[in-house]
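[1] structure of the sequence below:
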Amino acid sequence: MTTGVLQTGEIVPEITLPRDGGEIVNLGALQPAPVVLFFYPRDLTSGCTKEAIAFSALRADFEAAGAQVFGISKDSVQSHDKFVAKHDLTVPLLSDEATDIAEIFGVWQEKKMYGKTFMGIVRSTFLIDGEGRLAREWRKVKVDGHAEEVLDAVRGVVRQAPFF
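    Model (predicted):
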């Protein structure tokens, strides 16, 4: 990686993070299943809640297409537990408190709101194919219709997979 940020077509490095409920998830262990990672700024905020609910509503469709979906934010596992319980979320939420993974994907960026500048996660989604390569990316995501668009892309990647 020449830029330091993961690029489409590159192999995604090992990702192991804690999830809601406290379990540890190693994404590499899920191969050859495609993986969707949606990075969101913060638990229990309106846009992030809407996005997590949309992905949760389509979880069975993603699984039927052979893919696993995970949300990632800087929030703690305890915060994720509250978020999941409050909104009956079904997609696992991974905690990247150190922002190491967010930085690899280039979503930990300077943001401005109400005249203040701060670091935060820019809402983005990534599709990792069954070989562990970054197949598709959506940056600065608008929530409405996004989960459905990602599901369509997953179905396209699965159809293109070689048969063994």
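
[2] which elements pack onto the longest helix seen in the chain?
    When the chain is parsed with DSSP state H, its longest helix is helix 146-160. When contacts are defined as 3 or more Cβ pairs under 8 Å, 6 or more residues apart in numbering; DSSP states H and E, helix 146-160 packs onto strand 35-39, helix 46-57, helix 59-64, strand 124-128, strand 134-139. C-beta: built from backbone N, CA, C; applies to glycine.

[3] ok, which of these comes nearest Thr16?
    Nearest to Thr16, of all the helices and strands packed on helix 146-160, is strand 35-39, at 12.9 Å by Cβ to Cβ.

[4] report the inter-axis angle for the lowest-mean-pLDDT helix or strand in the chain versus strand 124-128.
    Among the helices and strands of the chain, helix 146-160 carries the lowest confidence by mean pLDDT, DSSP states H and E, at a mean of 85. For helix 146-160 against strand 124-128, the angle by axes from the mean of the first three to the mean of the last three Cα atoms, to 10 degrees is 20 degrees.

[5] what's the pLDDT at Thr2?
    If you check Thr2, the pLDDT there is 40.

[6] same question, Tyr114
    Looking at Tyr114, its pLDDT reads 88.

[7] same check, this time on the one 4 residues further on
    The per-residue pLDDT reported for Phe118 equals 89.

[8] can we start the residue count at 471 from this point?
    Happy to do that; since the first residue is 471 now, the last one works out to Phe588.

[9] pretty sure it sits in a strand.
    Yes. Applying DSSP: H, G, I helix; E, B strand; the rest coil, one finds Phe588 inside a strand.

[10] quick check: closest non-adjacent residue to it.
    Ranked by Cβ to Cβ, 6 or more residues apart in numbering and with sequence neighbours excluded, the top spatial neighbour of Phe588 is Lys581, at 5.9 Å.

[11] okay, now the unreliable bits of the protein?
    Applying pLDDT under 70 to the chain flags residues 471-473, 628-634.

[12] same list, the helices and strands packed on helix 616-630, but as a markdown table with distance to Glu619 and mean neighbour count please.
    Listed next are the helices and strands packed on helix 616-630 as a markdown table, based on distance: least, Cβ to Cβ, whole Å; neighbours: other Cβ atoms under 10 Å:
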| stretch | distance to Glu619 | mean neighbour count |
| --- | --- | --- |
| strand 505-509 | 11 | 24 |
| helix 516-527 | 10 | 18 |
| helix 529-534 | 12 | 15 |
| strand 594-598 | 9 | 23 |
| strand 604-609 | 7 | 17 |
